[in-house]
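Peer 1: below are the sequence and a predicted model for it; my questions follow.
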Amino acid sequence: MTESNQISDQGKRKSLSDPRIIKCMLSLVLELQGDVKKTTYNSNTCVLDVGCGPDANTAIAYADKGLTVTAIDADSKIVDNAIKAAEKKNVVINFQIFSVNNKLPFDDKSFDIVSCRAALHHFPDKKAFFSEANRILKPGGKLNIMDPIVSEELKIVWTILSRLAESDHYSYATFPEMMKLFSNQGFFIEGISHFLFERKLDDWISKKIVEVDENGKEMTGQFAMYTRSKMKEIIIEFMDQKLRDELHFENRGDAVNEDWWFYYNCLEIAARKI
């Protein structure tokens, strides 16, 4: 694999729906890269968004460009919310409930673009997903991946910590591991963009671990509060300074009113099937 030199730093972002992130993604995937013959993208261009999420930001961005989009997620509730999000944006997207733990239900060489953003770390078998992406992509098709990248040291610790809050979290990839996933499946990386994705510890845990009260309303439960306390304790008292620096872990409040934040180092990658 030959790696492109087109690497940019997009700075800190608080939301994956940030227009600057979306614009960067579309630029990396849809615009001419290097010596590759320019492709015309239109309604005949078929896109698959894997792990669309409740806001369906990626699927909506492609559909808004006039492309034909299919979006999948394993959670029926997430898909219901994604459908509502697409309706608000007045775009047509074919949503399906499906888990990547199984072979994707699509024919060989049926998509021009396969996108998977902020979902790869939830997949138990990343190699299998890349293999499936290769199978369903047309020759010269694009694979769009966005996910956090960690050092080998942080990967070990963060895999354990993240599962306190996300039972379906498997692991983030290191940079060499990510590059190997592309090269071993015959992809040529055309562009990479880097940004820091900002997370508030309390919000992250509260959204992932909820309880339901007697009226059926979701609420932050005692386990979420315990998880927050335990994660903060592990990061502050047991992580060495190198790992804390990699997380950019910081208290923006004070000793009484703590406000803990951290960052993920994220890569947005566009690659072409050779």
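Peer 2: Nice, thanks for sending it over.

Peer 1: my read: residue 161 touches residue 233, true?
Peer 2: No. Residue 161 is beyond contact range of residue 233, at 10.7 Å (criterion: C-beta atoms under 8 Å). In short, each C-beta sits where N, CA and C put it, glycine included.

Peer 1: between these two, tell me which one has more neighbours.
Peer 2: residue 161 (18 against 10; other C-beta atoms under 10 Å).

Peer 1: quick check: next helix or strand after the helix or strand where the more buried one lies?
Peer 2: Following DSSP states H and E, one finds residue 161 within helix 152-165. Using DSSP H and E, the helix or strand that follows helix 152-165 in sequence is helix 175-184.

Peer 1: same for the helix holding residue 161, what does it pack against?
Peer 2: helix 201-208, helix 222-237, helix 241-247 (3 or more C-beta pairs under 8 Å, 6 or more residues apart in numbering; DSSP states H and E).

Peer 1: right, so of those, which gets closest to residue 65?
Peer 2: Smallest distance to residue 65 across those (C-beta to C-beta): 29.3 Å, for helix 201-208.

Peer 1: most centrally placed residue in this protein?
Peer 2: What sits nearest the mean C-alpha location of the chain, by C-alpha atoms, centre = their mean, is residue 118, with 0.8 Å.

Peer 1: how near is it to residue 215?
Peer 2: Using C-beta to C-beta, to the nearest Å, residue 118 is found at 32 Å from residue 215.

Peer 1: ok, now residue 81?
Peer 2: Distance from residue 81 to residue 215, counting by C-beta to C-beta: 21 Å.

Peer 1: which of those two has more neighbours?
Peer 2: residue 81 (16 against 6).

Peer 1: the more buried one - nearest residue in space that isn't next to it in sequence?
Peer 2: residue 54 (3.8 Å; C-beta to C-beta, 6 or more residues apart in numbering).

Peer 1: what is the burial count for the one you found?
Peer 2: The burial count for residue 54: 16, using other C-beta under 10 Å.

Peer 1: can you classify it as helix, strand or coil?
Peer 2: coil (DSSP: H, G, I helix; E, B strand; the rest coil).

Peer 1: my guess is it contacts residue 82. True?
Peer 2: Yes. Counting by C-beta under 8 Å, residue 82 is a contact partner of residue 54 at 5.8 Å.

Peer 1: on the pLDDT front, check residue 234 for me.
Peer 2: pLDDT recorded at residue 234 is 81.

Peer 1: so who does it touch?
Peer 2: 157, 161 (C-beta atoms under 8 Å, 6 or more residues apart in numbering).

Peer 1: try the one 10 residues further on
Peer 2: Remark: with contacts taken as C-beta under 8 Å, 6+ apart, residue 244 is in contact with 235, 236.

Peer 1: give me that answer again for 6 Å
Peer 2: Contacts for residue 244 were tallied using C-beta atoms under 6 Å, 6 or more residues apart in numbering; there are none.

Peer 1: and for the one 5 residues further on?
Peer 2: By C-beta under 6 Å, 6+ apart, the contact set of residue 249 is 235, 262.

Peer 1: quick one, domains of this structure?
Peer 2: The record's domain parsing of the chain by automatic domain parsing lists 7-151+166-198+267-273, 200-261.

Peer 1: among these, show me which one is buried the most.
Peer 2: domain 7-151+166-198+267-273 (a mean of 18; mean count of other C-beta atoms under 10 Å).

Peer 1: surely residue 192 is in contact with residue 271?
Peer 2: No. Using C-beta atoms under 6 Å, residue 192 is not in contact with residue 271; the gap is 9.3 Å.

Peer 1: not counting its neighbours along the chain, what's nearest residue 136?
Peer 2: residue 106 (4.8 Å).

Peer 1: good, we can wrap up now.
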